[in-house]
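[1] Just need the structure, nothing else, for what follows:
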Amino acid sequence: MTSSATAFVAALLLVTVTNLMDEVHSIQFKPGKTYPDYCSTQEQQLSREIPELSTNSPLLSLNETLKLLHVTTVIRHGDRTPWGRHTCWETYLDKGEDTAEWDCSISSLSAAPATIAIEELNTQDLEYGETLKSPSKQTEISYLSGANPSFMFEKRYDANYSPTHSTHFPENLGDHLGGTCQLGQLTLRGFEQQRYNGRLLRNAYVKYDKQVLNSDSDPDMILFDFDEEETETQYGQRVYDDPSVYFRSDDDQRTIMSGQALLSEMFGDIMAHHLNLDANKHNPVIRVHTSDRNRDFLAPNEEICPRLAQVEHEAKQSQDWKNEFETSEEARTMKKFADEYLSGWWRYADSDVAMDCFMTTACSDRTLPYALDVDQSGTDQNIIDKYRSGLVDRWVQFHTKREWFIYKYNSYEYSKIVTNPIWNDILSGLLAFSDADKHEMAKAWPDLREPSKFALYSAHDSTIMALLASLGYGVSDGRQWPAYASMFNIEIYKMDLGPVESEHKWELDEMFPTKTAFRLVYNGQVLDHNIAGCPDEEELCDIDMLIVHVFRFSNITDWEDICKVERVDDKDDQVVIKDEDDNVITVRRRSGNAAATVFLFILTAFIFSCTGAFMMYVYLTRYNSVKTTGVEQSLSLNHGNDIELTNALDAAVTNSEGYGLTPQNDTVIT
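    Numbering: from 1, shown residues only. Predicted coordinates for the structure are as follows:
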């Protein structure tokens, strides 16, 4: 590891400093005020507690052994300032308006690597630009980087700011938000939301007798036993060190600090204990794995994937979009409302901007336009007579549905493109727990990580929307915008059936062929039963069912081609895909004329209806299974997802080498 890389690792051990005088005012939500679910009040977050596995399921009633092996958590950052300098309504940026200036009482701290770490690097005889090859030496350097004494550096956005608001200060100076906050900065309220997420994770997955935390819980359901971890003080072996904990974030302040707040709350007690035992008093260093912000993929990035912009454009040009969001009665109502009360619909053509304007204002207790303040205008009879009741909720729903439409358009194409590298990264940590051939898997997935206990992805609302949508119909209804500090968990369990009654053992063998199961929990709600192919009555599903769903669009090797813009040649009725230099990559025929398109649609519907009927027969026969790529999958189908699963299994047959399974040409029904 170079000195600059070491500085990067050490600098990303960011701490926070808060203005304690502002703490109560900044954190507490106002009593009696109506907050959208988006804001994540204390009451709203309390409802997201991670539930224990249900003891009422047929699986758990058989008393088989389950052991929790791993948890991957994807979070949305907490409460933040606006991500852009918007003109949300006519008076939004006027001097004296509380929306024109944003001040922050929370800052980031960073540190250069300790001198002892630099001295150790200098003994390695590294060439210019060369990195350390030894993982153990990298870990040692990370540990030494936290050595004391060391200066901490607080980053404050106040260089172009006049705290006295003096008239001599030019208007063309100053930051975008007019105060001491940067665009999209995590607020103190957002920091506390992530601390609460850390507590939710502690309560679900950590045992610590000193704090009477899960002392009586089943040890197999515990991910981290801090009583055992107290003695593991050597760097590289502590519970929060790589590879036990994997922390991934893009390089936004709000995502990095959100992850830090969560991890500090989750591991803070054991870290403090280790620090007391460390004679050198080295500050622990947790690595944050990140990338250049404009090249990262944790959120939709049209710069590196221009096809995304094209899919969005196609969605907005579709007849379904026009019917629902341009010509419908509700669409005309929303546009009329914006023109009359919000200084023009043109300000809200982008739903992401519309939501940013409304939510950052409402969640920070700033002043909303009268018509958007439900506590003021919600009972205004003039507005009700003109626009019907529930106008503000309908405004939010309208923009939420517009955004989700893009993610779900054309069989979730946008979401699958967005999540291709995300699922690739997540699977790089999960595949170690599957039964795939490790040698073949390593060839197909050369960047597999060492098995970890906990992986944290600190990201955005768009990340969670895309992940949910990519899992298909039924996983999300498309009616909720992911709230601040939303949390999406993937739990991995190992199953040991033991001396189970033969009949039940056969059933369990069919349902869980790999003996490795997963559970999805989003904001406290278990989602497995909404995934095609997962059993209705269980909270667990075989891990291969998750892989079958996502690996077909998680091949990172193909992503560059997938992301190229499609250019239509109307003359030849072809889709021509070209690169940035206008070189032709591939050519394919467009769909035929309208009559042919209708015929194909009817034919496809007929074929799929037959397929659906057959799959329903399989479902009614209960535990009959499909053998795909050498792995038996239970077909306890649900929620009309039989066609979707059929497509997934078909892709698995031909593309199974994607995660190390031997490809086969036939699907065998037994």
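[2] any idea which element residue 215 lies in?
    Here residue 215 sits in a region with no helix or strand, counting by DSSP states H and E.
[3] I meant to write residue 463 there.
    In this structure, residue 463 sits in helix 461-470 according to DSSP H and E.
[4] gap between that helix and the chain center?
    Between the centre of helix 461-470 and the centre of its chain there are 6 Å (CA atoms, centre = their mean, to the nearest Å).
[5] quick check: angle from the next helix or strand after it to helix 461-470?
    Per DSSP H and E, the first helix or strand lying C-terminal to helix 461-470 is strand 487-496. Strand 487-496 and helix 461-470 are oriented at 50 degrees to each other (axes from the mean of the first three to the mean of the last three CA atoms, to 10 degrees).
[6] what sits up against strand 487-496?
    Strand 487-496 has contacts (CB atoms under 8 Å, 6 or more residues apart in numbering) with 48, 50, 64-76, 197, 200, 426, 430, 433, 464, 467-468, 508, 512, 515-523, 540, 543, 546. The C-beta positions use only the backbone N, C-alpha and C, and glycine is treated the same way.
[7] Put the buried members of the residues you listed into a PyMOL selection.
    Filtering the contacts of strand 487-496 down to the buried ones (16 or more other CB atoms under 10 Å) takes a single PyMOL command:
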select buried, resi 48+50+64+66+68+69+70+71+72+73+74+75+76+197+200+426+430+433+464+467+468+508+512+515+516+517+518+519+520+521+522+523+540+543+546
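[8] The contacts of strand 487-496 in helices, which ones?
    In helices, defined here by DSSP state H, the members of the contacts of strand 487-496 are 197, 200, 426, 430, 464, 467, 468, 508, 543, 546.
[9] What residues does the closest residue to the fifth one other than its chain neighbours make contact with?
    Going back to what we said before, that points to residue 464. Nearest residue to residue 464, sequence neighbours excluded (CB to CB, 6 or more residues apart in numbering): residue 482, at 4.3 Å. Going by CB under 8 Å, 6+ apart, residue 482 touches 76, 461, 464, 465.
[10] quick one: pLDDT of residue 482?
    Per-residue confidence (pLDDT) for residue 482: 97.
[11] separation between it and residue 341?
    If you measure residue 482 against residue 341 using CB to CB, to the nearest Å, the figure is 27 Å.
[12] just checking, what's the longest strand in the chain?
    strand 65-76 (DSSP state E).
[13] mean confidence score for the next helix or strand along the chain from that strand?
    Using DSSP H and E, the helix or strand that follows strand 65-76 in sequence is strand 106-110. Taken as a whole, strand 106-110 has an average pLDDT of 88.
[14] buried set for strand 106-110?
    106, 107, 108, 110.
[15] And for stretch 209-218?
    For stretch 209-218, burial by neighbour count (16+ other CB under 10 Å) applies to 213, 214.
[16] Give me the residues contacting that stretch.
    202, 203, 206, 207, 208, 222, 226, 227, 269.
[17] Just to be sure, the last one is in a strand?
    No: if the criterion is DSSP: H, G, I helix; E, B strand; the rest coil, then residue 269 is helix and not within a strand.
[18] Touching, it and residue 226? I think so.
    Yes: if you go by CB atoms under 8 Å, residue 269 and residue 226 touch, sitting 7.0 Å apart.
[19] So for these two, which residue has more residues nearby?
    Shown here are residue 269 and residue 226; by other CB atoms under 10 Å, residue 226 has more neighbours (22 against 17).
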